[in-house]
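**Student:** Provided below are the primary sequence and the corresponding predicted coordinates.
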Amino acid sequence: MSKRRPYVRPMDGWFKRDPFFIEYMAHEGTAVFVWLFALEMLAGLWALAAGEAAWAGFAAWLASLPGLVVNALILAMLLYHGVSWFLIMPRTLPPVRVGGRRVAGSTISAVGLASMLVASVAVVGFFCLLANGGQG
Amino acid sequence: MSDRLKRSNEPVFWLLFGAGGMLAALIGAALVFVLVFAVPLGLMPAEALSYASARAFAENALGKVFLFVVVSLFFWHAVHRIFHSLHDLGIHAGRGARLLVYGSALAGTLAVVLALALIGA
């Protein structure tokens, strides 16, 4: 047995040392809410498979106050996931070259955020048209 | 030389993580909005979330593909990111945890397939 007790730098709460690390942990943490939303959709699909009464229960959860609060949090975190995903994209993507010149990081982020905006408007628009078109 | 290098399964999980992350970034927030907030805000009639409408969407072949891709990729994205964040929190998870984490995403994927099959055409 060694009597040496080497100093080991404590790492508890390491990410609180730097705002950059705090942001890192925040955007990694959005995965918990992506998981929750996947679970919610899965529960909805199972309710849909189980029949009308089960589906009514799922719809009641979506419209309830706890359901609205939880889903507002999920919505906010998914927005944060999307924005942070494209803001860090210049560092997660290998260097992109167009015409022999390296594309600037700010351009990659701007194109990504614009795609997010266009895709989101398209999804909301598509489902609104589908829902209102079904009315006749 | 290269055939002597040990093959890693990490690229497979990383690809699923990346694909799910990209999809969630592009349309995740919009999907939460459509499912939960479009009806209360009056953008859609209440019948949009009725049993008949939801059923019609999930019985459609394209609707099935959409639901399968979204729900399963969101699972794969989330578990990969949560697993790697455990290390940052000081939890050094090993092989068993890896099996549990990716196993849960596989279970989620199979549960989606089963639910869609039960809903039928």
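**Tutor:** Looks like it arrived, so ask away.
**Student:** Just the buried positions in the helix ranked longest in chain A, please.
**Tutor:** For chain A, the helix with the greatest residue count under DSSP state H is helix A:19-50. Buried residues in helix A:19-50, counted by 16 or more other CB atoms under 10 Å in any protein chain shown: A:24, A:27-28, A:30-31, A:33-49. The C-beta positions use only the backbone N, C-alpha and C, and glycine is treated the same way.
**Student:** what sits up against the following helix or strand past it?
**Tutor:** With elements assigned by DSSP states H and E, the helix or strand that comes after helix A:19-50 is helix A:52-63. Contacting residues not belonging to helix A:52-63 are listed as A:43-44, A:46-48, A:67-68, A:71, B:35-36, B:39-40, B:49, B:51, B:54-55 [CB atoms under 8 Å, 6 or more residues apart in numbering or on different chains].
**Student:** What's the mean pLDDT across the strand or helix carrying B:Leu110?
**Tutor:** Here B:Leu110 sits within helix B:95-119, counting by DSSP H and E. On average, the pLDDT along helix B:95-119 is 95.
**Student:** That one vs chain A: in contact?
**Tutor:** Yes: using CB under 8 Å from any CB of the partner chain, we find that helix B:95-119 touches chain A at B:108, B:111-112, B:115-116, B:118-119.
**Student:** tilt between that helix and helix A:19-50?
**Tutor:** In terms of direction (axes from the mean of the first three to the mean of the last three CA atoms, to 10 degrees), helix B:95-119 departs from helix A:19-50 by 40 degrees.
**Student:** helices and strands around helix B:95-119, which ones?
**Tutor:** Other helices and strands packing on helix B:95-119, by 3 or more CB pairs under 8 Å, 6 or more residues apart in numbering or on different chains; DSSP states H and E, are helix A:19-50, helix B:51-59, helix B:61-88.
**Student:** who's in contact with that helix?
**Tutor:** Residues outside helix B:95-119 that contact it (CB under 8 Å, 6+ apart): A:38-39, A:42, A:45-46, A:48-49, B:13, B:16, B:55, B:58-59, B:64, B:67-68, B:71-72, B:75-76, B:78-80, B:82-83, B:86, B:93.
**Student:** Take the residues of helix B:95-119 next to chain A and, keeping just the buried ones, write it as a ChimeraX select command.
**Tutor:** In ChimeraX, selecting the buried portion of those, with burial taken from 16+ other CB under 10 Å, looks like this:
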select /B:108,111,112,115,116,119
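**Student:** No more questions from me, cheers.
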